[in-house]
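Novice: Build me a model:
(2 chains)
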Amino acid sequence: MTTFTPSSPAEVLSTVQWAAAEESPLEILGHGSKRGIGRPLQTEHTLDLSKLTGVTLYEPAELVLSAHAGTPLAEIEKLLAENGQQFAFEPMDYRALLGGEPGRGTIGGVLASNLSGPRRLKAGAARDHILGVAAVSGRGEAFKSGGRVVKNVTGYDLSKLMAGSWGTLAVLTDVTFKVLPAAETEVTLAIRGLLDDAAVAAMALALGSSAEVSSAAHLPERIAARVAAGHLGSDAATLLRVEGFGPSVVYRIEALRKLLGKAGPLQEIAGEASKTIWRDIRDCAPFADGGARPVWRVSMAPSHAHHMVMALRMQAAVDAFYDWQGGLVWLSMREDDPEAGLLRGLIRKFGGGHATLVRASASHRAALPVFEPQPPHLAALSARLKAEFDPKQILNPGRMAPGAGSATLPRSTEGAAP
Amino acid sequence: MSGLAMPKPDAGTLNRRAEIVADMRIIVPGEGVVDTANEMRAFETDGLTAYRQLPLVVVLPETVAQVSRVLKYCDERNIRIVPRGSGTSLSGGALPLEDAVLLVMSRFNRILAIDYPNRIVVAQPGVTNLGITNAVEQEGFYYAPDPSSQIACSIGGNVAENSGGVHCLKYGLTANNVLGIEMVLMNGEVVRLGGSHLDQEGYDLLGVMTGSEGLLGVVTEVTVRILKKPETARALLIGFPTSEKGGQCVADIIGAGIIPGGMEMMDRPAIHAAEDFVHAGYPLDVEALLIVELDGPSVEVDHLIGLVEAIAYENGSTTCRISQSEQERLSFWAGRKAAFPAVGRISPDYYCMDGTIPRKELPRVLAGMRDLSEKYGLGVANVFHAGDGNLHPLILYDANVPGELDKAESFGADILRLCVEVGGVLTGEHGVGVEKRDLMPEMFNQVDLDQQMRVKCAFDPNHLLNPGKVFPQLRRCAELGRMHVHRGQIAFPDIPRF
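Specialist: Model prediction:
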């Protein structure tokens, strides 16, 4: 058991070349803050990128930042904040949910797991902000893709291919992200006491207005008490975040008040209190109970997801709350069984989407597909891609699916409308 | 064609043309197969009109099953395919090949679903970009990416090219606004990537497909995100005595935390050509003209207009007009939007380039362009998506003067080399196609290109889909598949511990 801790891209290349020649699988690791997501790995060696650090380029006026893959996200976010900027995609911190020290995680891990947060709805995820990468493929070849400019269609977008690939195609050594100005002001409008279906309707109305709502979440009764140290109280809270320049925020909140005044009692939350609420929603704080019961992250069309949750409740005991206008569902199972088959069947029944088992025991993660299984043609395509980039299966083998690029669904579901 | 090497036509395919045409008529009955030279003439080129080639046969399928059968048929017989949307590509992405079936998707022209609560539209790939907005604008919605060809270009083509437009600084490119596609692989398999939810499960193949220029699959359905129209939009028209001052103004606007809906710059030759053409009221005594459009609630727009105006004066602007009406805002844009045809009036032909640079390099690149203009003896006018650094130099030439097209192309290549040299890229939104194919090594080394080709090998291992585009040199997938790392031949035969 060897842990390699390279401090330069050249050392990463040597390590991967060695592993490729030996056909010896590597676990690719940043800080290991998301190590508990995916099928458990059984690799002899570990490639630890936490010493491959440093911001290599930051030009605020050009809205661009480059860093070695092992650079701590927290360090980069501090630097951006000092310049009034941020990653608009609001990368979440899994540590609250998965346990361990908060504020860990590397910038390479942000891309490899395609992190995002409540602002995903308006601003996209890591995939939407990555401009370029340098990486080493499982063949032991160092390559680059993209660049440092936003408008770029030169060749295939391999940078996006790295997003959400969980270290199974290549080892990132450098990433270049678009950065954006942080909003001057933020205010959250809360509608209290709504049931899921009324909340989803209210959020759709708000997002369909010109109020430029940047985030919309619904915390059902009792779940609301689990954010912001209970300051929100336990009544259901449907939350709409408005960000921007002061006069504009005031105007848009007023527009939302007019639009939603009849939906239920309204409450305004500003400044740090608002920020805390959204940080807790981002990090799935309501289910960060230090336990190990299964937690799912489900993405569906916003108006479909709560129907799936209702149907699920009839057969299994779950706690749920919604982000992304209702389209992102965080589900916490009250029993030890993840109910993967039941959940995924209901997701298909209610319009399609995908579910990731983000928290579960190692035995569940070994036995069940953590990532959404794909129809056979798509799974085969993913497997061919994996084989092209990592023919010897040395990079995080089996993390996303046993033996290949992705898990497979029965053939009967191929081509079915989502 | 001026020295552009395309894949050698396959004699076997050419000899079997009659049989292939007959089989295509079985797969796509009715009017869907066009095989006379006269009728195929309409398809011999795209927006890059310098290159023309009649295809083997033109096939216009109507159903996904037909697309699948055509591709499977061709895959099994080693017949090449060139997909085509509306044929507005400026880089020759839809340029036919003599031995390839031209698969035209224009009959896929229906909108399949409009879903306001989820803010999505599901469309067939032949629906025009503007057609999507037209379908939802009565309810106050629109589709944000707005390439200048939006009245004609298809949404399927937008996916293939990852199209942008003047609003993409604030609202993103096609890749940021597409949620899902259905596509057919070269072997005829139909797959869905993404859907009406956010983030594709598994690898981001949707991200890879977007901008893949028709080399990976044929898109048969697209799901896009629509947005509510901003309440209002106003624009500033700002003149500067130097492009440096204009460039600094752009940097300062962004530095102040303002992301305008659109931010466009023109240089002196472009300003003059546009003003002569549409009489937009542009100042003629400036070196750089900046249009800054702010959109949103009027209270926000008014607030930001004040800030931008102050930044402009600090940067030595000599004129600054603020639109007081929708009519005046549109008049500011009239010259910019007519810039290409305006340049077409002052020169028999023009050649439009598409490099992107880090914004701060603008003065250096403009100066370099002036030198190149002298060297080649050809004029150049510049329009520039200033917010995101995407340059559109228009090289003026006369195709009837022997050698001038070659000269214009060499000039263009030098401009793109300059863009790469300062940290930019070959193409911001027009695509590589055939036009910039041979310049790819300026930006990527062989290993970089090999990784891109490996993606191609996973989708289309026999290089049958749109060959001769994007990649300067086709390498067999089997050859690429060999591992070049062998035991004992590497730097660290023992386990290295760093």
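
Novice: Near chain B, which residues of the stretch 201-350 of chain A? Just list them.
Specialist: Residues of the stretch 201-350 of chain A lying close to chain B (CB under 8 Å from any CB of the partner chain) are A:201, A:204, A:207-210, A:212, A:244-245, A:247-248, A:250-252, A:255, A:299-304, A:324, A:327-328. All C-beta atoms are positioned from the backbone trio N, CA, C, and that covers glycine.

Novice: Derive a ChimeraX selection command for the buried subset of those residues.
Specialist: Command for ChimeraX that selects the buried part of those, burial taken from 16 or more other CB atoms under 10 Å in any protein chain shown:
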select /A:201,204,207,208,209,210,212,244,245,248,250,251,252,255,299,300,301,302,303,304,324,327,328
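
Novice: Can you pick out the ones from the residues of the stretch 201-350 of chain A next to chain B that are in strands?
Specialist: A:244, A:299, A:300, A:328 (DSSP state E).

Novice: Would you reformat these as JSON lines and include pLDDT?
Specialist: JSON lines is the format used below for those (pLDDT from 0 to 100):
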{"residue": "A:244", "pLDDT": "95"}
{"residue": "A:299", "pLDDT": "98"}
{"residue": "A:300", "pLDDT": "98"}
{"residue": "A:328", "pLDDT": "98"}
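
Novice: Quick check: the farthest pair among those residues?
Specialist: Largest separation among those by CB to CB: A:244 and A:300, giving 28.5 Å.

Novice: What is the neighbour count of the closest residue to residue A:316 other than its chain neighbours?
Specialist: Closest residue to residue A:316 in three dimensions, ignoring its sequence neighbours and counting by CB to CB, 6 or more residues apart in numbering or on different chains: residue A:339, at 4.9 Å. With neighbours defined by other CB atoms under 10 Å in any protein chain shown, the count for residue A:339 comes to 20.

Novice: which ones are touching residue A:339?
Specialist: Contact partners of residue A:339, counting by CB atoms under 8 Å, 6 or more residues apart in numbering or on different chains, are A:294, A:312, A:315, A:316, A:333.

Novice: Of those, which pair is most distant in space?
Specialist: A:294 and A:315 (14.8 Å).

Novice: neighbour-wise, which of these two wins?
Specialist: residue A:294 (26 against 11).

Novice: Which pLDDT value belongs to that one?
Specialist: As predicted, residue A:294 sits at a pLDDT of 98.

Novice: so it makes contact with residue A:343?
Specialist: No. Taking CB atoms under 8 Å as the definition, residue A:294 is not a contact partner of residue A:343, at 9.7 Å.

Novice: Domain ranges for the chain, per the record?
Specialist: Defaulting to chain A. Under the assignment automatic domain parsing, the domains of chain A span A:2-181, A:185-282, A:285-367.

Novice: My question was about chain B, not that one.
Specialist: Under the assignment automatic domain parsing, the domains of chain B span B:11-104, B:111-228, B:232-340, B:347-437, B:438-474.

Novice: does chain A sit close to the first one?
Specialist: No. Legend: contact between domain B:11-104 and chain A by CB under 8 Å from any CB is lacking; minimum distance shown is 8.8 Å.

Novice: center of the chain, which residue is that?
Specialist: Using chain A. residue A:115 (3.2 Å; CA atoms, centre = their mean).

Novice: I was after chain B.
Specialist: Centroid-nearest residue in chain B, with CA atoms, centre = their mean: residue B:430, separated by 2.9 Å.

Novice: Show me the shaky parts of the stretch 101-250 of chain B.
Specialist: Of all residues in the stretch 101-250 of chain B, none has pLDDT under 70.

Novice: And the stretch 301-418 of chain A, by the same measure?
Specialist: Checking the stretch 301-418 of chain A against pLDDT under 70 turns up A:403-418.
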